[in-house]
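S.K.: sequence plus predicted model, see below.
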Amino acid sequence: MILTLKTPPVSEPITLYEAKEYMKVNNAVEDDLINSLIVSARKYIETYTGNLLGKQEWILKWKTKKGQVYLPYIPVIEIVYVKSNNVEVDYRVVYGTEPLVIETYAVDVEIDFWAGWV
């Protein structure tokens, strides 16, 4: 499985101002550090839970077995395409599963999808 971030989230779950207010920081000396901690915390939560905290576009490349592909992130907002050898292929979404399952007869699959809480 190869997973590539195509479009990152537009904003972080909390702002620099909110983090500084919580930590009682009144100057700009540590702004870069605090911003990087916010990003790192979001990425850790997303990796650990599989829940994306902001709308993001991902491309998943997978060699399927039994024609099933599991999308690793939730919630899935939209499936842009399912391709095999650069040609769009038919697929079926299995609803009610988490993670979301895509069924297709193709073997080498590339899926472009949007996921995350908006």
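M.R.: It's in.
S.K.: mind checking the backbone torsions on Lys66?
M.R.: Backbone torsions for Lys66, taken as degrees, to the nearest 10, come to phi 60, psi 20.
S.K.: for burial, what's the neighbour tally of it?
M.R.: Lys66: 5 surrounding residues under other C-beta atoms under 10 Å. C-betas here are computed from N, CA, C, even on glycine.
S.K.: quick one, strands of this structure?
M.R.: With strands called from DSSP state E, the chain shows them at 2-7, 56-63, 68-70, 76-84, 87-88, 92-94, 101-103, 108-115.
S.K.: to Ser40, which of those lies closest?
M.R.: Proximity to Ser40 (C-beta to C-beta) singles out strand 2-7 among the strands of the chain, at 15.2 Å.
S.K.: what residues of stretch 102-112 count as buried?
M.R.: The neighbour-count check on stretch 102-112 (16 or more other C-beta atoms under 10 Å) flags 102, 104, 106, 109-112 as buried.
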